[in-house]
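**Q** Give the three-dimensional model of this entry:
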Amino acid sequence: QVQLVESGGGLVQAGGSLTLSCKASRSVSDFNDMAWHRQTPGTLRELVASISRGGVTEYAASAEGRFTISRANAKNTVSLKMDTLKPEDTGVYYCYAHAVGYYGEDRDYWGRGTQVTVSS
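**A** Model (predicted):
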């Protein structure tokens, strides 16, 4: 069973920075796409940033230019560097990984989340 464990969340003032890390229980090179999602109370989980196995990145409009997603295959981690944080970046951030199983089935994995709070 794959486990994803997030770390790095916390309380930061607006304009500050945080780096989230997601440690996988197996090599991240086994996954096709990895991503970070954010959820706030009463809202659906939304995609913040994703990175493909080949390193192609995509960002939500709100994260473009401020956040950077990266994956380190040797460390089994995917990270999200967040700069110039805003109060609206507040939420629980979840690590996500997608793999294709032996029979071609989709396999989605989620971490338990880490809280990010940005104060104004």
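**Q** Next, the contact list for the closest residue to Gly8 other than its chain neighbours, please.
**A** Nearest residue to Gly8, sequence neighbours excluded (CB to CB, 6 or more residues apart in numbering): Leu20, at 4.2 Å. C-betas here are computed from N, CA, C, even on glycine. By CB atoms under 8 Å, 6 or more residues apart in numbering, the contact list for Leu20 reads 6-9, 36, 79-80, 82, 93, 95, 114, 116.
**Q** quick one, strands of the protein?
**A** 4-7, 10-13, 18-24, 33-39, 46-52, 57-59, 67-72, 77-82, 91-100, 106-110, 114-119 (DSSP state E).
**Q** how far out from the middle of the chain is the shortest one?
**A** Right, the one you point to is strand 57-59. Remark: strand 57-59 is offset 11 Å from the chain centroid, using CA atoms, centre = their mean, to the nearest Å.
**Q** Show me what Lys23 is bridged to.
**A** Val5, Thr77 (DSSP bridges).
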